[in-house]
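Chemist: Got a predicted structure here, sequence first:
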Amino acid sequence: DAEITQSPRHKITETGRQVTLACHQTWNHNNMFWYRQDLGHGLRLIHYSYGVQDTNKGEVSDGYSVSRSNTEDLPLTLESAASSQTSVYFCASSEAGGRNTEAFFGQGTRLTVV
Amino acid sequence: QKEVEQDPGPLSVPEGAIVSLNCTYSNSAFQYFMWYRQYSRKGPELLMYTYSSGNKEDGRFTAQVDKSSKYISLFIRDSQPSDSATYLCAMQAGGYQKVTFGIGTKLQVIP
């Protein structure tokens, strides 16, 4: 069965370190997204990609970067981790066409920055 | 004011009750309306999707959209303990527009 997997599931890192969260999908979806979920804020879009070599900033992109070298993967990098980036991160994918109406989410990565 | 407002709850109901979950929004450009269900420590999963106004039914679930009032609802009939989860509304204006999520309502169905 097709799926979307995130790794690691849990991560503790120190302030200032670079951290990369992995996202891999086997749906062959062109669209991929990274969200963070925090109490009181819901899901907020960090970065998204509509295809290979395409990346776009979301509403909370400062301090994060992504790259899309193939269809299956969209790694999220925190350039210099800050305590404000402690959160649960979700990767999602959907079919091409622009309407993100059926996005499939990964299980999430719980990141703690100490 | 947030684009999408949703009461975080928690909402506790007895098994078998009819549950009503709601969201209001301010962006009149929204055309696509979704409900996601999220179990504890899991990713959200799409439950219902509606385009524009009207109702949509799927088993025990009914989604309603009232664009004139900028108000959407999800009804759950004969609620079950397995329905205990957080329900997020989500909205999108159109093609290649970002999806805006509500903060989610936590529902607990008591056996």
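Modeler: Cool, the structure landed. Numbering: from 1, shown residues only, chains lettered A, B, ... in the order given.

Chemist: Residues of chain B that sit close to chain A?
Modeler: B:6, B:8, B:32, B:34, B:41-46, B:49, B:88, B:92, B:94-99, B:101-104 (C-beta under 8 Å from any C-beta of the partner chain). C-beta coordinates here come from the backbone N, C-alpha and C atoms, glycine included.

Chemist: could you flag which of these are buried?
Modeler: B:6, B:32, B:34, B:43-44, B:46, B:49, B:88, B:92, B:97, B:99, B:101-104 (16 or more other C-beta atoms under 10 Å in any protein chain shown).

Chemist: which stretches of chain B have low pLDDT?
Modeler: B:95-96 (pLDDT under 70).

Chemist: Strands along that one, start to end?
Modeler: Ranges of strands in chain B, per DSSP state E, are B:4-5, B:11-14, B:19-25, B:32-38, B:45-51, B:54-58, B:61-66, B:71-76, B:85-92, B:99-101, B:105-110.

Chemist: orientation of the longest one relative to strand B:61-66 in degrees?
Modeler: If I follow you right, that is strand B:85-92. Calculated by axes from the mean of the first three to the mean of the last three C-alpha atoms, to 10 degrees, strand B:85-92 forms an angle of 40 degrees with strand B:61-66.

Chemist: distance between strand B:85-92 and the chain's centre?
Modeler: In this view, strand B:85-92 has its centroid 5 Å away from the chain centroid, taken as C-alpha atoms, centre = their mean, to the nearest Å.

Chemist: Give the partner strands of it in its sheet and their orientations.
Modeler: Strand B:85-92 sits in its sheet next to strand B:32-38 (antiparallel), strand B:99-101 (antiparallel), strand B:105-110 (antiparallel), going by DSSP bridges.

Chemist: Go ahead and name everything in contact with it.
Modeler: A:42-43, A:99-101, B:3-4, B:6, B:21, B:23, B:25, B:27, B:30-40, B:44, B:47, B:72, B:74, B:98-107 (C-beta atoms under 8 Å, 6 or more residues apart in numbering or on different chains).

Chemist: pLDDT below threshold where in chain A?
Modeler: A:97-101.

Chemist: Pick out the residue nearest the middle of it.
Modeler: Residue closest to the average C-alpha location in chain A (C-alpha atoms, centre = their mean): A:Trp34, at 2.8 Å.

Chemist: So that one is in contact with A:Tyr64, correct?
Modeler: Yes - contact criterion C-beta atoms under 8 Å: A:Trp34 and A:Tyr64 qualify, at 7.5 Å.

Chemist: Touching both of those two, which residues are there?
Modeler: With C-beta under 8 Å, 6+ apart as the test, A:Trp34 and A:Tyr64 both reach A:Ile46, A:His47, A:Leu76.

Chemist: need the contact list for the first one.
Modeler: If I follow you right, that is A:Ile46. A:Trp34, A:Tyr35, A:Arg36, A:Gly58, A:Val60, A:Ser61, A:Tyr64, A:Val66, A:Leu76, A:Tyr89.

Chemist: Distance of the second one relative to chain B?
Modeler: In other words, A:Tyr35. Going from A:Tyr35 to chain B by C-beta to the nearest C-beta, to the nearest Å gives 8 Å.
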